[in-house]
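Colleague: sharing a sequence plus its predicted fold:
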Amino acid sequence: MKYPRFYPLLSVIFLTFLTPFYVFSQSFAKPHPPLKTTINSIAKKNAHGFWVNAEEEALKEATKLKKPILIDFFGIWCPPCNQLDELVFSGVEFKQAAKRFVLLKMDADSEKSWALKSKYKVGGYPTLIMAQVQDNQAGDEIDRIVGFYPTAVITAKMNEALITDGKSNQEKIMALIKKSIEKADEADDSDKVIRLAQAGIILDPENLDLKITLLKAQKQKDKDILNSTAAKKILSDIEYNRKKMPVSTLVSQFELKPSQEVLNELLSRVNPSTLYIDNEGFTEADIYALGIDLKKSYTDLTIESYERLLKKYGEDSRSLNLSYTYYLQKAENYKKAQEVFNRMIHLYPKEFTFYYPAINMALETKDFPLARSYARSSVEFSYGDNKIRSLDRSLKVAIAEVNETRSDSTFALLRSTIDQSEEFVKKFKEPRGLQVRSGTYIKKLNQTIQEAKALLK
């Protein structure tokens, strides 16, 4: 190690700045077909043993059987969420560990997930929450896993959660510190946050969450802390050692905003839905993707790597194809991207999953009829938060076409798209008192509506 004395903080900075990486273990078998999830289906378990969007039924079962619950917060559009279905939940090892839990999948874009998302402060997907259950109510969180991990890692965490369900005194103290930090943060008392975080780190020196909390609080008092010599050496160390590091899936992206100078040292602004790591280290795709914004040649090499992964794991893999099409568009290979989108849409004709990213591809080539077609289908087959984002994207298509052609027909289309969006907003019931993103998406949609209306004046 080039700077051994900075290693503990290195892990904090590494987690803080780099985009989440998701892994395909080289030892996994060919992916199983993904499980279709609809929000209107009758409550029942899927083929992997999960209740789907059926919170009440799952909690009743957990209470009756006196088992903890494992909740998978997922998005159908999310590559690593699909990886869990394709590579983990279908396996014998997971199913064996899962026998001691009640399993529940909650679609993060459905309003059915709002209460539990808010309770456990879920912000990224996939998030697996292991929690106690009492009297048909979801109780205290035991542990969580954010992002995709190989089966062995997930089952180890599940087994550990069963052992640590009865919290020790230290865990109770740590829970109290966490709650106190939240209150101090709400009161904008950064000094108190710093003191509490430091106390927690003394009890748990490996607690990355507390270290990041401490760093964020310190940044409020010293905006240049991330430009310090120590931080720069750490970032340099990351760049120097990155390709030699063993697997450690990065699980979260925090909202620290360092200077552009510091960001430039990271050399990576990559798509959060990509990057696959084997059990020994980075694959070719990961290494090339880290430099995706620096040299176009890396894009081509990344595409080739994903094509090899698709041959190995199956050409119909949802997670890989979502990533593959991203890089095809990055390389401006729109013809191939459209072929992949059309093939996946044929497989999943009533999901918004592939229609939505395909809209951007059509807009890049100014194929407005195709963009409209994708946008219509995205709106038709979406729901919840997906619907809000799809309506926003549909408006963006109409705005782009008006700006390009200024024809009577495009203005008429813009008016009808505005009407459609306003009708949705009028009927939308904002989730008051819950910490979910739906209200933010509605605010953004309203801003786009105003942008569209300005073109009609």
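Modeller: Nice, thanks for sending it over. In this text the structure is predicted, and so the values were computed from the model without any measurement.
Colleague: CA atoms for contacts and neighbours, from now on please.
Modeller: OK.
Colleague: which stretches of the protein have low pLDDT?
Modeller: Residues of the chain that meet the criterion pLDDT under 70 lie in 1-42, 164-173, 206, 208, 223-298.
Colleague: which segments of it make up each domain?
Modeller: 50-148, 351-457 (automatic domain parsing).
Colleague: buried set for stretch 348-365?
Modeller: Applying a neighbour-count criterion of 16 or more other CA atoms under 10 Å, one finds 351-363 buried in stretch 348-365.
Colleague: what of stretch 175-183?
Modeller: Buried-residue list, stretch 175-183, by 16+ other CA under 10 Å: 177, 178, 180, 181.
Colleague: one step back: out of the domains of the chain, deepest packed?
Modeller: domain 50-148 (a mean of 20; mean count of other CA atoms under 10 Å).
Colleague: start and end of it, how far apart?
Modeller: From its first residue to its last, domain 50-148 covers 18 Å (CA to CA, to the nearest Å).
Colleague: other residues contacting stretch 129-140?
Modeller: Under the contact criterion CA atoms under 8 Å, 6 or more residues apart in numbering, stretch 129-140 has outside partners 56, 59-60, 62-63, 66-72, 120, 141-145, 158, 161, 165.
Colleague: if you set the cut-off to 7 Å instead, what comes out?
Modeller: 59-60, 62-63, 68-72, 141-145 (CA atoms under 7 Å, 6 or more residues apart in numbering).
Colleague: could you do stretch 110-119 as well?
Modeller: 53, 106, 107, 383, 384, 385, 434, 435, 436.
Colleague: so the last one sits in a strand?
Modeller: No: for residue 436, which was evaluated using DSSP: H, G, I helix; E, B strand; the rest coil, the result is coil, with no strand membership.
Colleague: adjust the sequence numbering to begin at 540 for everything that follows.
Modeller: Will do, 540 is the new start, and the previous item becomes residue 975.
Colleague: for residue 636, see how far away the closest residue to it other than its chain neighbours is.
Modeller: Closest residue to residue 975 apart from its sequence neighbours, by CA to CA, 6 or more residues apart in numbering: residue 657 at 6.0 Å. As judged by CA to CA, residue 657 and residue 636 stand 27 Å apart.
Colleague: same question for residue 889.
Modeller: 33 Å.
Colleague: for residue 743, give me phi and psi.
Modeller: When read as degrees, to the nearest 10, the backbone of residue 743 gives phi -140, psi 80.
Colleague: burial count for it?
Modeller: 14 (other CA atoms under 10 Å).
Colleague: now render the buried residues of stretch 887-904 as a markdown table, adding distance to residue 743 and secondary structure.
Modeller: Output for the buried residues of stretch 887-904, formatted as a markdown table (distance: CA to CA, whole Å; DSSP: H, G, I helix; E, B strand; the rest coil):
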| residue | distance to residue 743 | secondary structure |
| --- | --- | --- |
| 890 | 44 | coil |
| 891 | 43 | coil |
| 892 | 41 | coil |
| 893 | 43 | coil |
| 894 | 45 | helix |
| 895 | 43 | helix |
| 896 | 42 | helix |
| 897 | 46 | helix |
| 898 | 47 | helix |
| 899 | 45 | helix |
| 900 | 47 | helix |
| 901 | 50 | helix |
| 902 | 50 | helix |
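Colleague: which one among those residues gets closest to residue 840?
Modeller: residue 900 (20.4 Å; CA to CA).
Colleague: C-alpha coordinates for the helix or strand where residue 943 lies, CSV please?
Modeller: Using DSSP states H and E, residue 943 maps to helix 923-944. Output of helix 923-944 as CSV, limited to C-alpha atoms (Å, rounded to 0.1, in the frame of the first residue of the first chain):
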residue,chain,number,x,y,z
GLY,A,923,-46.4,5.0,-9.5
ASP,A,924,-43.1,6.9,-9.6
ASN,A,925,-42.5,5.3,-13.0
LYS,A,926,-45.6,7.0,-14.4
ILE,A,927,-44.5,10.4,-13.2
ARG,A,928,-41.0,10.0,-14.8
SER,A,929,-42.6,8.6,-18.0
LEU,A,930,-45.0,11.6,-18.3
ASP,A,931,-42.0,14.0,-17.7
ARG,A,932,-40.0,12.2,-20.5
SER,A,933,-43.1,12.3,-22.8
LEU,A,934,-43.3,16.0,-22.3
LYS,A,935,-39.6,16.4,-23.1
VAL,A,936,-40.2,14.6,-26.4
ALA,A,937,-43.0,16.9,-27.3
ILE,A,938,-40.9,20.0,-26.3
ALA,A,939,-37.9,18.8,-28.4
GLU,A,940,-40.1,18.2,-31.4
VAL,A,941,-41.8,21.6,-31.2
ASN,A,942,-38.3,23.3,-30.9
GLU,A,943,-37.2,21.3,-34.0
THR,A,944,-40.2,21.7,-36.4
